[in-house]
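Engineer: The following block contains a protein sequence and its predicted model.
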Amino acid sequence: MYRTALLFVALVVSPCAATRLPAQQPNQPAVPHDSVRGAVKTIDVHARTVEITTGVGYAMRVVRLQVPASAPITDHQKAQADTIGLSALKLGDVVRARFGGHAAPFVAYTIERLGTMTAGVDSIP
Amino acid sequence: MTRATVLLALALGAGCKPPKPGEPLRGLSKAERAQFDSGRAVFDSTFTPATGVGPLFNASGCGECHEDPVSGGVGDEVERHAAVFNPQRIGFVCDQLADKGGPVFQDSVTPALHAALGIDSEPLPPGVTVVAARTTPDVLGFGLLDAVPDSVILSYADPDDSNHDGISGRPNRFVDGRLGRFGRKAFVPTLREFNDGAFPVEVGVTDSSAREENTVTGRPLPPGTDPLPEPELKTRALVLNDAFVRMLAPPAPLKQSSDARHGRELFARVGCTGCHIPVLKTGDNPIAALSHKEVAAYTDLLLHDMGNELADICFGLATPSEFRTEPLMGLRFASHFLHDGRATTPEQAIDFHGGEASRARDLFRALSPADRAALVAFLKTL
């Protein structure tokens, strides 16, 4: 009975903990943070790097990110976000990335796929 | 009629007169008018190396290019844009060379950068085969274009030409997926971004929206060539500059002769209005003078295939031969026409139209000389 109750508690609590982890980012290093929204320009799955093209008007730039295996990558194109792998990202995907670091390549904390440039993403949530 | 009545009538008459080029929209509040006036001073500012210009730049201020016949008007400067089109690279067919100094390659450098690198302009990256020339458009009435809801623009899109009229406008998108509308390829989504991005790109002045200096074809600036800390322009100046551009009135069309009125009918009859939509309507806007107004812009703000003869670079989703329908409001101020200024008369510009505009061009060519002259007379009233 006691073991069953423990298992029940563990089952109920563990999904909540898993979903909260990315938001809490307890291990986020004490370095400058930033976020960027733009289109995926290159992906190197083996080196775990992504380049994102972004900018303000014609003042454009490319942000290079190193993506640790622990950095959550999620797909927000559906009502409920799915966790996906780096290899699931495609060129031209519109993503929002949070990252930190003093110089390129910066280290990604989270990457969210919002849609594709071709289909369009209308708002900035 | 009493003297007071005459004065009242004169005052009312003056109020009904459309704004002259360079004047603000009618109906601004006192605070908005004050912002407009202060913003003009920022727009007309001349920057120097001591105040942030460069190290790479095209002009020393907005008003150096957008100057004719007034601040916010056209200019004779032509700048260089470059991008690499990779149609086989699914998903990201257009590399705007953002990591190599693109898409705008500046034609001037400060003495400090010249001394450090011995260059007079930004070199193009290796492998660039197409360079696009871009003339200076006027920005009169751009606040109204900014206030047109996305839904209005998208309502004119017909990417698959489902109505079989040979015209298949489609939207361009910024790299973050939002609908674009500003620039010759309709790449930039909002006027604020168009203005804010212009400071670092055109003047070499960083601002709170774009804090990074241009690189030299992707290479960092040599030490000592950019002595001022970023951002070089305060947010307040950025806001005021945007207010000035946003509240510039569109050029009021001139009074039309009977010929020009006939030309307006021909303009519609030959099919020009398939893309050059005569009037767009704005939506809700925090500035009352921009809210729910009509603007005689003569554009749909969409991309159209204009044929191989005009093709140059890709931009966002725009292929080399796709261009945004150029707004024709203010056309009378231009001395060169089309995105690169290759045409010196409106007739030549029409003659260069191809692709989706071929049918309208051919119908124009088939008009009698008098009718062609009437259509051009109409264009010169815009």
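Structural biologist: Arrived safely.

Engineer: separation between B:Thr299 and B:Val139?
Structural biologist: B:Thr299 sits 14 Å away from B:Val139, going by CB to CB, to the nearest Å. In this view, the C-beta of every residue, glycine as well, is placed from N, C-alpha and C.

Engineer: B:Arg33: how many residues sit nearby?
Structural biologist: 16 (other CB atoms under 10 Å in any protein chain shown).

Engineer: And for the one 10 residues further on?
Structural biologist: In terms of burial, B:Phe43 registers 23 neighbours under the definition other CB under 10 Å.

Engineer: That one - nearest residue in space that isn't next to it in sequence?
Structural biologist: Residue nearest to B:Phe43 in three dimensions, not counting chain neighbours: B:Cys62, with 4.6 Å by CB to CB, 6 or more residues apart in numbering or on different chains.

Engineer: Pretty sure B:Ala59 sits against B:Cys65.
Structural biologist: Yes: with contact defined as CB atoms under 8 Å, B:Ala59 reaches B:Cys65; the gap is 5.0 Å.

Engineer: who touches both of those two?
Structural biologist: Common contacts of B:Ala59 and B:Cys65 (CB atoms under 8 Å, 6 or more residues apart in numbering or on different chains): B:77, B:202.

Engineer: Which positions in stretch B:287-306 come out as buried?
Structural biologist: Across stretch B:287-306, burial judged by 16 or more other CB atoms under 10 Å in any protein chain shown covers B:287, B:289-290, B:293, B:295-306.

Engineer: Could you list which of the residues you listed belong to strands?
Structural biologist: B:295, B:303-305 (DSSP state E).

Engineer: Now the helix or strand harbouring B:Gly63: average pLDDT?
Structural biologist: Using DSSP states H and E, B:Gly63 falls within helix B:62-65. The average pLDDT for helix B:62-65 rounds to 97.

Engineer: Show me where chain A dips below the pLDDT cut-off.
Structural biologist: For chain A, residues meeting the criterion pLDDT under 70 lie at A:1-30, A:123-125.

Engineer: Would you pull up the residue in it closest to chain B?
Structural biologist: A:Gly57 (2.3 Å; CB to the nearest CB).

Engineer: Strands along the chain, start to end?
Structural biologist: Assuming you mean chain A. Under DSSP E, chain A gives strands at A:33-44, A:49-56, A:59-66, A:73-75, A:82-83, A:93-100, A:106-116.

Engineer: Please refer instead to chain B.
Structural biologist: B:56-57, B:75-82, B:84-85, B:94-95, B:104-105, B:108-109, B:131-136, B:280-281, B:294-295, B:303-305, B:322-324.

Engineer: what's in contact with the first one?
Structural biologist: When you say that, I think you mean strand B:56-57. B:101, B:106, B:108-110, B:113, B:122, B:202-204, B:214, B:216.

Engineer: and what of the second one?
Structural biologist: With CB under 8 Å, 6+ apart as the contact definition, strand B:75-82 has outside contacts at B:58-59, B:64-68, B:97, B:102-107, B:124-125, B:128, B:130-136, B:202, B:313, B:315, B:335-336, B:340-341.

Engineer: can you tell me which of these are up against chain A?
Structural biologist: B:102-104 (CB under 8 Å from any CB of the partner chain).

Engineer: Need those in JSON lines (columns: pLDDT and neighbour count).
Structural biologist: Below are those laid out as JSON lines (pLDDT from 0 to 100; neighbours: other CB atoms under 10 Å in any protein chain shown):
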{"residue": "B:Gly102", "pLDDT": "97", "neighbour count": "26"}
{"residue": "B:Pro103", "pLDDT": "98", "neighbour count": "28"}
{"residue": "B:Val104", "pLDDT": "98", "neighbour count": "26"}
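
Engineer: got a list of what the residue of the stretch 251-382 of chain B found nearest chain A touches?
Structural biologist: Nearest residue of the stretch 251-382 of chain B to chain A, counting by CB to the nearest CB: B:Leu317, 6.5 Å away. Going by CB under 8 Å, 6+ apart, B:Leu317 touches A:117-118, B:94, B:170-173, B:303.

Engineer: Mind checking which of these are buried?
Structural biologist: A:117-118, B:94, B:170-173, B:303.

Engineer: thinking again about what came up before, TSV for the ones next to chain A among the contacts of strand B:75-82, including distance to B:Asp196?
Structural biologist: Formatted as TSV, these follow (distance: CB to CB, whole Å):
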residue	distance to B:Asp196
B:Gly102	18
B:Pro103	16
B:Val104	14
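
Engineer: of the residues you listed, closest to chain A?
Structural biologist: Chain A lies nearest to B:Val104 out of those, by CB to the nearest CB, at 5.3 Å.

Engineer: Contacts only, for that closest one.
Structural biologist: Here B:Val104 is in contact with A:58, B:58, B:79-81, B:201-202 (CB under 8 Å, 6+ apart).

Engineer: Ignoring the adjacent residues along the chain, who's closest to B:Gly271?
Structural biologist: B:Ala360 is the one closest to B:Gly271 (CB to CB, 6+ apart), at 3.9 Å.

Engineer: pretty sure the one you found is touching B:Ala366, no?
Structural biologist: No: at 10.8 Å, B:Ala360 does not count as touching B:Ala366 under the criterion of CB under 8 Å.

Engineer: Tell me which residue lies nearest the centroid of chain A.
Structural biologist: With distances taken as CA atoms, centre = their mean, A:Ile111 lies nearest the centre of chain A, 1.4 Å away.

Engineer: Show me what that one is bridged to.
Structural biologist: Counting by DSSP bridges, A:Ile111 is bridged to A:Ile73, A:Ala97.

Engineer: Against B:Pro250, how distant is the residue lying closest to B:Glu326 once chain neighbours are set aside?
Structural biologist: Distances taken as CB to CB, 6+ apart place B:Thr299 nearest to B:Glu326, at 6.6 Å, with adjacent residues excluded. As defined by CB to CB, B:Thr299 lies at a distance of 12 Å from B:Pro250.
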